[in-house]
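>>> pasted the sequence and its predicted model underneath.
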Amino acid sequence: MQTPEKPTPFVSFLRYNLVATLATGVDFIALIALTELAGLWYMFSTISGAVFGALTAFLLGRYWVFVSKESKIGHQGFRYFLVASGSVVLNSSGVYLFTEIANLQYIISKVITAVLVAVCYNYLLSRYFVFR
């Protein structure tokens with residue numbers, strides 16, 4: 001089986017945004033389902049959704065966005081775990097602050113936080129640290 005070529009930086013950026021949208025969808029669906037349907041505390045659901053979204057983003061990032069299979073999956077997985085852990089902390093903290101301090105509804109808090117973390121943190125670390 002032939003290994004696909006690495007995409008150009010522009011193509012990987014476009015793919016990253018598509019995958020980020022998909023992973024964010026997984027994250028939001030888990031958040032809302034666990035909170036509204038299962039009746040769990042929104043912070044537990046926020047963290048769980050972030051983990052599901054992170055797993056989606058890692059696998060698609062490795063095999064499709066950056067086509068970065070030269071490194072062992074364990075090495076990339078560890079670097080991704082570090083980045084995803086920071087992302088979970090940033091997302092959870094942002095949702096909590098916007099919900100509890102700014103008195104926004106948790107879904108609105110999640111949207112604001114997710115955009116900020118994606119733009120200012122996730123892409124840059126994925127591109128230059130995890131899948132370099």
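Structure's in. What do you need?

>>> only C-alpha atoms for contact and neighbour calcs from this point on.
Will do.

>>> isn't residue 40 right up against residue 34?
Yes. Look at residue 40 against residue 34 with CA atoms under 8 Å: they come within range, at 5.7 Å.

>>> more neighbours: the two, which one.
residue 34 (19 against 14; other CA atoms under 10 Å).

>>> low-confidence ranges, this protein, go.
The model of the chain has pLDDT under 70 over residues 1-4.

>>> leaving out the residues flanking it, which one is nearest to residue 91?
The shortest distance from residue 91 to any non-neighbouring residue, by CA to CA, 6 or more residues apart in numbering, is to residue 113 (5.9 Å).

>>> give me the number of residues near the one you found?
By other CA under 10 Å, 20 other residues sit near residue 113.

>>> what comes up buried for the helix or strand that contains it?
Here residue 113, judged by DSSP states H and E, is contained in helix 106-117. Of the residues in helix 106-117, 106, 107, 109, 110, 113, 114, 117 count as buried by neighbour count, 16 or more other CA atoms under 10 Å.

>>> farthest-apart pair in those, please.
Maximum pairwise distance among those (CA to CA): 16.0 Å, between 106 and 117.

>>> residue contacts, the most centrally placed residue in the chain?
Taking CA atoms, centre = their mean as the criterion, residue 54 is the residue nearest the geometric centre of the chain, at 4.4 Å. By CA atoms under 8 Å, 6 or more residues apart in numbering, the residues touching residue 54 are 23, 84.

>>> quickly find the element holding it.
Using DSSP H and E, residue 54 sits within helix 42-60.

>>> cool, residue 76 as well?
For residue 76, the element it lies in under DSSP H and E is helix 73-96.
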